[in-house]
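Participant: Okay, sequence plus prediction incoming.
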Amino acid sequence: MKFYKDHYDVIVIGGALAGLSSALMLADKGKDVLVLERHNLPGGIATSFVRGGIEIEAALHEMMSIGPEGNRLKVGKFLEDMGIHIDWLKVPEAYHASLPGLEVTLHPGFETFAREIDAEVPGSYDKVMKVLSLCHTVFDSVNELSIHPMSKVQMLLKHEAFVKTAGYSTQEVLDTFGLPQKVLDLLAPYWIYVGSGFKDLPFTIFSVLMADYIGYGSYIPRKFSHEMSLKMAERAEELGVQIEYRQQVEKILAKDGKVYGVRTARGDEIYADYVISAAYPNKVYTSMIEPISEVPEKALKMVNGRRLSLTAFSVIMILDKTAEELGIKDYSIFIGDTMDTDELYQDLAGLGPYRYLTCICHNLGNEEATPPGTCSFSITTLPRADGWKTVSADDYDRVKHEVAKQMIGDMSRYLGVDLLDHILEIVIETPMTVAHYTGMWNGCIYGYAHTMEDHIVARLQTAEAEKFFEGLEFAGAHQISGDGMGPAVTNGRKAAKNVLDDMKKKEAAK
């Protein structure tokens with residue numbers, strides 16, 4: 001009996017959230033789908049691991065676009081429509097901001113969020129509500145336009161706020177509200193989740209982030225992010241998807257500008273009408289397309305012209321006391337010595353000491369995250385790949401531990417307790433860890449940076465011109481919706497929709 005079929009409708013390279021979302025959507029429409037995953041489990045960085053008998057979340061801080069039961073947002077609704085039911089826990093607050101002159105915990109809900117900022121900066125309520133209202137309007141427009149594209153005239157008539165702000169940076173739009181600096185600082189902590197300073201971050205991206213997280217709150221799965229990927233894989237197989245693990249795809253086969261299959265590391269050639277790749281276009285166009293002579297020069301110019309966004313450095317600890325005993329009061333803490341986002345972005349180009357950290361105590365969102373009497377506490381910064389590319393193999397271990405020690409020291413001083421005295425288990429994740437485990441180009445978990453020159457609006461307009469091979473689609477952080485686990489699901493759905501639309505077009509032409 002042959003391991004693979006003679007032919008598939010679609011081959012999906014990568015069994016992380018984006019690839020599984022593509023497979024689910026295609027299988028739901030009756031398509032014959034094969035998923036090839038290089039690891040022995042699905043999920044990519046949506047996974048967990050075990051140390052000292054304790055399961056530890058590998059990556060997920062918060063999940064966006066879920067929404068409450070009975071009123072799900074697009075990601076939560078998609079999963080439920082696919083028959084995937086996750087035990088979602090709502091994160092208790094938006095974040096605690098520890099910034100110069102500020103120690104403030106803010107909660108989701110536009111009204112609540114604005115009132116809490118007003119309590120810290122009296123008289124700011126109306127202006128903050130106007131900012132949040134504008135964000136929500138733009139957010140609604142983005143969601144509608146992602147499903148129902150329309151002409152520029154139609155967009156201007158139906159989505160005026162979106163059109164008017166689309167060409168401006170976050171800094172430019174916020175400057176028009178005349179907000180006090182403290183208010184701007186309190187609106188800024190989430191910037192790290194999109195990876196560009198406010199002077200270069202399109203207001204469209206800021207709006208989507210703020211409206212989703214602040215307007216509706218964020219969620220985590222009770223059984224960690226691996227609950228999502230495992231249930232997605234299980235449901236995909238129920239729908240007829242063939243998922244094969246430990247199958248590294250080395251080549252995407254192409255001829256005359258069209259892909260027709262893949263070759264695995266063990267030499268299997270598998271054929272299909274379409275290929276959806278989680279591998280970055282950088283890797284696909286420089287080493288995966290076979291023969292390489294098929295790759296047009298404009299594809300290489302495209303990937304060379306795009307700026308890679310942020311990677312990740314995390315210190316994940318299991319501590320021998322509860323959060324309360326250690327003085328940890330908030331699920332999510334952002335701490336920094338400035339809220340000048342553009343200055344902080346430049347700082348992330350180096351190897352530390354890093355000036356802006358985000359910390360998560362999972363037990364304050366999920367009481368069952370660790371055994372009684374312990375807690376999980378992670379410290380993360382999201383550096384650019386620039387500095388880490390200069391680290392030699394001989395220096396790697398030293399640099400990794402120096403950066404981790406700095407981050408632990410900074411949070412120990414903030415909490416007033418030496419965390420080193422309380423560590424039961426510790427895992428240090430570096431950009432190299434991410435690159436090795438997931439195959440993400442240079443370890444960049446955020447794909448291509450959303451900048452004023454290149455972001456979701458521009459990418460929507462250039463999407464067709466950037467299809468260099470018939471039958472090839474991409475799904476992952478490097479695609480239009482950008483970074484994060486919620487957008488990964490959206491990017492996977494978009495790739496599947498492109499395939500389904502193309503199938504319909506070809507069928508109609510017969």
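Facilitator: Thanks, I have the structure now. Remember, it's a predicted structure, so these values are computed and weren't measured experimentally.
Participant: pull the CA atoms of stretch 352-365 into CSV?
Facilitator: The C-alpha coordinates for stretch 352-365 follow below in CSV (Å, rounded to 0.1, in the frame of the first residue of the first chain):
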residue,chain,number,x,y,z
GLY,A,352,20.6,44.0,25.4
PRO,A,353,20.3,45.0,28.1
TYR,A,354,16.7,45.4,26.8
ARG,A,355,14.7,48.3,28.2
TYR,A,356,11.2,47.0,27.5
LEU,A,357,9.9,43.7,28.9
THR,A,358,6.5,42.0,28.9
CYS,A,359,5.8,39.5,31.7
ILE,A,360,3.0,36.9,32.0
CYS,A,361,1.9,35.0,35.1
HIS,A,362,-0.3,32.3,33.7
ASN,A,363,-1.7,31.3,37.1
LEU,A,364,-3.5,34.7,37.2
GLY,A,365,-5.4,33.8,34.1
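Participant: now it: mean pLDDT?
Facilitator: For stretch 352-365, the mean pLDDT works out to 96.
Participant: Now that stretch: buried residues?
Facilitator: 352, 354-365 (16 or more other Cβ atoms under 10 Å). Using the backbone N, CA and C atoms, a C-beta is placed for each residue, glycine as well.
Participant: Show me where the stretch 251-400 of the chain has its helices.
Facilitator: Using DSSP state H, counting those that start in this stretch, the helices of the stretch 251-400 of the chain run over 281-283, 297-305, 323-326, 341-347, 385-388, 393-415.
Participant: Confidence-wise, which of those is weakest overall?
Facilitator: When these are compared on mean pLDDT, helix 385-388 scores lowest, with a mean of 90.
Participant: and stretch 58-72, C-alpha only, in CSV?
Facilitator: Only the C-alpha atoms of stretch 58-72 are listed here, as CSV (Å, rounded to 0.1, in the frame of the first residue of the first chain):
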residue,chain,number,x,y,z
ALA,A,58,5.7,27.6,25.1
ALA,A,59,4.5,30.8,23.6
LEU,A,60,0.9,32.0,23.9
HIS,A,61,0.4,35.1,26.0
GLU,A,62,-3.0,36.1,24.8
MET,A,63,-5.3,35.2,21.9
MET,A,64,-7.2,37.9,20.0
SER,A,65,-10.4,37.8,17.9
ILE,A,66,-12.1,35.2,20.2
GLY,A,67,-14.9,37.1,21.9
PRO,A,68,-17.3,35.8,24.6
GLU,A,69,-19.4,32.7,24.2
GLY,A,70,-22.5,33.5,22.2
ASN,A,71,-20.8,36.5,20.6
ARG,A,72,-17.6,35.1,19.1
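Participant: Leu24 and Glu237 touch, don't they?
Facilitator: No: Leu24 is beyond contact range of Glu237, at 10.3 Å (criterion: Cβ atoms under 8 Å).
Participant: quick one: which of the two has more around it?
Facilitator: Shown here are Leu24 and Glu237; by other Cβ atoms under 10 Å, Leu24 has more neighbours (27 against 14).
Participant: Just confirm that one is within a strand.
Facilitator: No: under the criterion used here (DSSP: H, G, I helix; E, B strand; the rest coil), Leu24 is helix, not part of a strand.
Participant: who's Cys361 bridged to?
Facilitator: In this entry, Cys361 is beta-bridged to Phe377, by DSSP bridges.
Participant: rewinding a little: let's see which of the buried residues of stretch 352-365 end up in strands.
Facilitator: 356-361 (DSSP state E).
Participant: so which of the buried residues of stretch 352-365 comes closest to Lys199?
Facilitator: Using Cβ to Cβ, Tyr356 comes nearest to Lys199 of these, at 16.2 Å.
Participant: Check whether that closest one really touches Asp347, as I assumed.
Facilitator: Yes: between Tyr356 and Asp347 there is a contact under Cβ under 8 Å: 7.3 Å.
Participant: Overlap in contacts, the two.
Facilitator: Common contacts of Tyr356 and Asp347 (Cβ atoms under 8 Å, 6 or more residues apart in numbering): none found.
Participant: just for the stretch 101-250 of the chain, where's the confidence low?
Facilitator: Residues of the stretch 101-250 of the chain meeting the criterion pLDDT under 70: 146-150, 152-153, 156.
Participant: Tell me which residues of the helix or strand where Glu111 lies come out buried.
Facilitator: Take DSSP states H and E as the rule and Glu111 turns out to sit in helix 110-120. By neighbour count with 16+ other Cβ under 10 Å, helix 110-120 contains the buried residues 110, 113-114, 116-118, 120.
Participant: following it, which helix or strand comes up?
Facilitator: helix 125-147.
Participant: Contacts only, for Tyr274.
Facilitator: Taking Cβ under 8 Å, 6+ apart, one finds 9-11, 259, 471-473, 499, 502 in contact with Tyr274.
Participant: just to revisit the earlier point, for the buried residues of stretch 352-365, give me CSV that also has distance to Tyr446.
Facilitator: Formatted as CSV, the buried residues of stretch 352-365 follow (distance: Cβ to Cβ, whole Å):
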residue, distance to Tyr446
Gly352, 19
Tyr354, 16
Arg355, 19
Tyr356, 15
Leu357, 17
Thr358, 14
Cys359, 19
Ile360, 17
Cys361, 23
His362, 22
Asn363, 27
Leu364, 25
Gly365, 23
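Participant: what's the closest of those residues to Gly387?
Facilitator: Nearest to Gly387 among the buried residues of stretch 352-365, with distances taken as Cβ to Cβ, is Gly352, at 8.4 Å.
Participant: The closest one and Val403: what is the separation?
Facilitator: Distance of Gly352 to Val403, computed by Cβ to Cβ, to the nearest Å: 5 Å.
Participant: now swap in Ala449 and tell me
Facilitator: Counting by Cβ to Cβ, the separation of Ala449 from Val403 is 22 Å.
Participant: What is the neighbour count of Met485?
Facilitator: Using other Cβ under 10 Å, the number of residues around Met485 comes to 26.
Participant: typo on my end, Ser392
Facilitator: Number of residues near Ser392 (other Cβ under 10 Å) recorded here: 7.
Participant: tally of neighbours for Pro383?
Facilitator: Counted with other Cβ under 10 Å, Pro383 comes out at 22.
Participant: And for the one 5 residues further on?
Facilitator: Using other Cβ under 10 Å, Trp388 is surrounded by 23 other residues.
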